[in-house]
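> Predicted model, plus sequence, below.
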Amino acid sequence: MHPNAEGFLAPYLAPYIPWFYWSSIWWTVLGFAAGFTFSGRFILQWVHSERARKVVVPTLFWHLSFWGSVMNLVYFVHLDRAPLIFANCFLPFIYGRNLYLLYWHPERREAKKIGP
């Protein structure tokens, strides 16, 4: 078994993907990138709202939410901490659903049609 194969998921995953639990600078980079992506969505939303002088949630907010939550979840599984994993495991599905509704909602499809 891998030397870092202790924790919540590592005993089950480490035999199949041992590199997932190796310590490296790249995991730290991923953790920072995930945090900046997920947190950056609020800065983006704030700037758009200030410009519009009302609350605005731009489409990019939902993309940053989705990808930031996916990267966070991967990083939290790497850290192998159950509270972090459980607190974040549903977020990609929620934000993904919002993106689905944003792009595939019937009103939006009707608005995109050109011509008769």
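Done, it's in. Keep in mind that this is a model prediction, so the values were computed, not measured.

> residues touching the spatially most central residue of the chain, list them.
Geometric centre of the chain, nearest residue: Ser69, 1.7 Å, by C-alpha atoms, centre = their mean. Going by C-beta atoms under 8 Å, 6 or more residues apart in numbering, Ser69 touches 38, 88, 91-92, 95. C-betas here are computed from N, CA, C, even on glycine.

> CSV for those residues, including pLDDT, secondary structure and distance to Leu73?
Output for the contacts of Ser69, formatted as CSV (pLDDT from 0 to 100; DSSP: H, G, I helix; E, B strand; the rest coil; distance: C-beta to C-beta, whole Å):
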residue, pLDDT, secondary structure, distance to Leu73
Phe38, 96, helix, 10
Asn88, 96, helix, 5
Leu91, 97, helix, 7
Pro92, 97, helix, 6
Tyr95, 97, helix, 11
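
> quick check, nearest of those residues to Leu64?
Closest approach between those and Leu64, by C-beta to C-beta: Phe38, at 7.0 Å.

> Can you report how many residues neighbour the closest one?
21 (other C-beta atoms under 10 Å).

> Please report how far it lies from Arg51.
To Arg51, Phe38 is 22 Å away according to C-beta to C-beta, to the nearest Å.
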